[in-house]
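Colleague: need a structure here:
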Amino acid sequence: MTRSTPAEDLSGFSVPGAGRGILDVFRYRYLLRLLIRKGTQTRYHGSVLGWTWSYVKPAAQFAIFYVVLGVFLDLNRGIEGFPIYLFSGIIVINLFNEAFGNATKSIVNNAPLVKKIYLPRELFPVADVFIAFVHFLPQLAILLVVVLLNGWAPTAVQIAGVFVALILVLVLALGLGLLFGSVNVSFRDAQNVVEIILLFSTWSAPVLYSFTLVRDKLPQWLFELYMANPLTSAVELFHSAFWYPTTVTSPERPENLWLLATVGMVIAALFLLIGQLVFRKFEGRFAQDL
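Modeller: Numbering: from 1, shown residues only. Predicted coordinates:
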């Protein structure tokens with residue numbers, strides 16, 4: 001008569017690659033902090049100017065846009081305080097472009113870690129989004145100094161709009177980063193698609209022009225589709241918080257901006273959900289494809 005052996009208790013173990021997605025990032029907060037610290041400290045490693053480049057690059061970008069569009073093409077006509085209007089929109093797009101672009105390449109850039117050890121792969125795109133936010137802060141500091149010198153007096157609602165805009169941009173960038181970052185491991189064409197998206201992002205929101213210009217040129221249904229763009233909502237929230245309080249003539253603002261921001265947040269959340277689902281589908285092949 002054979003004696004049955006008791007079943008082994010495996011409750012304390014987890015199957016590699018079968019984690020809880022983004023939720024697991026909170027369990028690995030220490031690793032997330034290490035990745036963020038590494039990314040911020042090595043960005044300008046070996047550079048003479050170091051973090052000064054975080055101020056120089058947006059300043060140079062602003063100068064080019066201002067001279068070409070504001071002076072040569074006269075697009076600043078009818079926009080009071082065009083420099084503040086321009087810069088407050090540029091930094092929002094810069095945040096999105098860096099967060100989305102870096103998150104797309106995060107898995108490929110961390111191939112040695114992905115192939116050698118198991119940890120939630122979402123750590124890498126999440127860390128890159130946080131790193132982009134850290135690099136965004138110097139640009140925000142420049143904007144704050146400028147608007148304060150121009151009599152900036154925002155309301156509490158306008159300040160709340162800044163936080164909503166930042167959450168909207170970061171959630172959208174993370175969702176798209178998870179989506180294209182996972183596909184990019186197996187199909188490097190995804191990175192080229194992202195570069196095209198980033199090329200259009202600056203022009204897809206009222207950064208270099210006024211939303212009224214779009215309203216006057218497009219059919220109503222197409223204009224409403226344009227305003228539903230999460231980046232449009234985020235840029236206009238920044239305009240309302242930083243540019244509008246410095247104006248004298250009280251220029252026209254989009255109607256139902258908070259409703260548009262809510263729609264944008266829903267769209268960003270959907271992209272986050274889709275990105276997570278696609279990421280989970282592809283992550284089992286990451287080590288193999290890398």
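Colleague: The helix or strand where residue 197 lies: which residues count as buried?
Modeller: Using DSSP states H and E, residue 197 sits within helix 189-201. Buried residues in helix 189-201, defined by neighbour count with 16 or more other C-beta atoms under 10 Å: 190, 191, 194, 197, 198, 201. (Glycine included, C-beta is placed from N, CA and C.)
Colleague: immediately after it, which helix or strand?
Modeller: helix 211-217.
Colleague: So for the next helix or strand after that next one, mean pLDDT?
Modeller: Where DSSP H and E defines the elements, the next helix or strand beyond helix 211-217 is helix 220-227. Taken as a whole, helix 220-227 has an average pLDDT of 93.
Colleague: Show me what the following helix or strand past helix 220-227 packs onto, helices and strands only.
Modeller: Following helix 220-227 in sequence order, the next helix or strand is helix 230-238 (DSSP H and E). With contacts taken as 3 or more C-beta pairs under 8 Å, 6 or more residues apart in numbering; DSSP states H and E, helix 230-238 sits against helix 82-109, helix 156-186, helix 257-282.
Colleague: what angle separates helix 230-238 from helix 220-227?
Modeller: Angle, helix 230-238 to helix 220-227, by axes from the mean of the first three to the mean of the last three C-alpha atoms, to 10 degrees: 70 degrees.
Colleague: Please tell me how far residue 201 sits from residue 230.
Modeller: 11 Å (C-beta to C-beta, to the nearest Å).
Colleague: same deal with residue 191?
Modeller: Counting by C-beta to C-beta, the gap from residue 191 to residue 230 is 22 Å.
Colleague: what's the answer for residue 102, then?
Modeller: 19 Å.
Colleague: ok, now residue 255?
Modeller: For residue 255 relative to residue 230 (C-beta to C-beta), the value is 18 Å.
Colleague: So if I had to pick from these two, which one is more boxed in?
Modeller: residue 230 (26 against 8; other C-beta atoms under 10 Å).
Colleague: Would you mind confirming that that one is in contact with residue 265?
Modeller: Yes: counting by C-beta atoms under 8 Å, residue 230 does reach residue 265; the two are 7.3 Å apart.
Colleague: any shared contact partners between those two?
Modeller: The overlap between the contact sets of residue 230 and residue 265 (C-beta atoms under 8 Å, 6 or more residues apart in numbering) consists of residue 168.
Colleague: rewinding a little: what would the buried residues of helix 189-201 look like in a markdown table with pLDDT and distance to residue 210?
Modeller: What follows is the buried residues of helix 189-201, written out as a markdown table (pLDDT from 0 to 100; distance: C-beta to C-beta, whole Å):
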| residue | pLDDT | distance to residue 210 |
| --- | --- | --- |
| 190 | 85 | 34 |
| 191 | 86 | 33 |
| 194 | 91 | 28 |
| 197 | 91 | 23 |
| 198 | 91 | 23 |
| 201 | 89 | 18 |
